[in-house]
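>>> Sequence isn't available, so here's the structure alone:
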């Protein structure tokens, strides 16, 4: 798999991804990495409805995504994760994670708003800290035209 971007966005497949990132990076395959969605036919079907014709989409649990990342397909892929814990699990299991784009982590009970698009809880912060220690570059950017911002500027708690 020719991974072009690893993105954290709790909405997974939606307009910013399909219209913005897919076009900007000439993506040929969306890969949703989420244990729950990989097992849920209804949620997969609903997400597939948002994917334009001609764009391939796969759904994997985290372990399956590690195996899929090793395939020799040259499809330009965008991997979508709902949160940093799954990215960390993917990386620890041997998934190739050099950089992560954080697009949207929305507010819910127990989360603190850190920027316009990023809300985190202690587990999120812990996962981001560990990814940073592993040398993963992390940025906050909703769409390709936005200015890149290092995630540790948005989340100073993750600085070493």
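Sure thing, it's come through. All values reported here derive from a predicted model rather than from experimental measurement.

>>> can you give me the strands in this protein?
Along the chain, the stretches classed as strands by DSSP state E are 2-9, 29-33, 56-60, 76-81, 99-104, 112-113, 119-120, 137-140, 149-150.

>>> what's the burial count for residue 145?
The burial count assigned to residue 145 is 8, neighbours taken as other CB atoms under 10 Å. All C-beta atoms are positioned from the backbone trio N, CA, C, and that covers glycine.

>>> what's the pLDDT at the nearest residue to it once chain neighbours are set aside?
In space, residue 145 comes closest to residue 20 once its chain neighbours are excluded; the distance is 7.6 Å by CB to CB, 6 or more residues apart in numbering. Among the per-residue scores, residue 20 holds a pLDDT of 93.

>>> just checking, residue 20 touches residue 146?
No - look at residue 20 against residue 146 with CB atoms under 8 Å: they stay out of range, at 9.3 Å.

>>> which one of those two has more residues nearby?
For residue 20 and residue 146, the more surrounded residue by other CB under 10 Å is residue 20, and the numbers stand at 18 against 14.

>>> That one and residue 86: what is the separation?
Spatial separation of residue 20 from residue 86 under the definition CB to CB, to the nearest Å is 22 Å.

>>> now the helices: where do they sit in the protein?
Per DSSP state H, the chain has helices spanning 15, 22-25, 35-38, 41-48, 62-69, 84-92, 122-133, 151-154. These are given in chain order.
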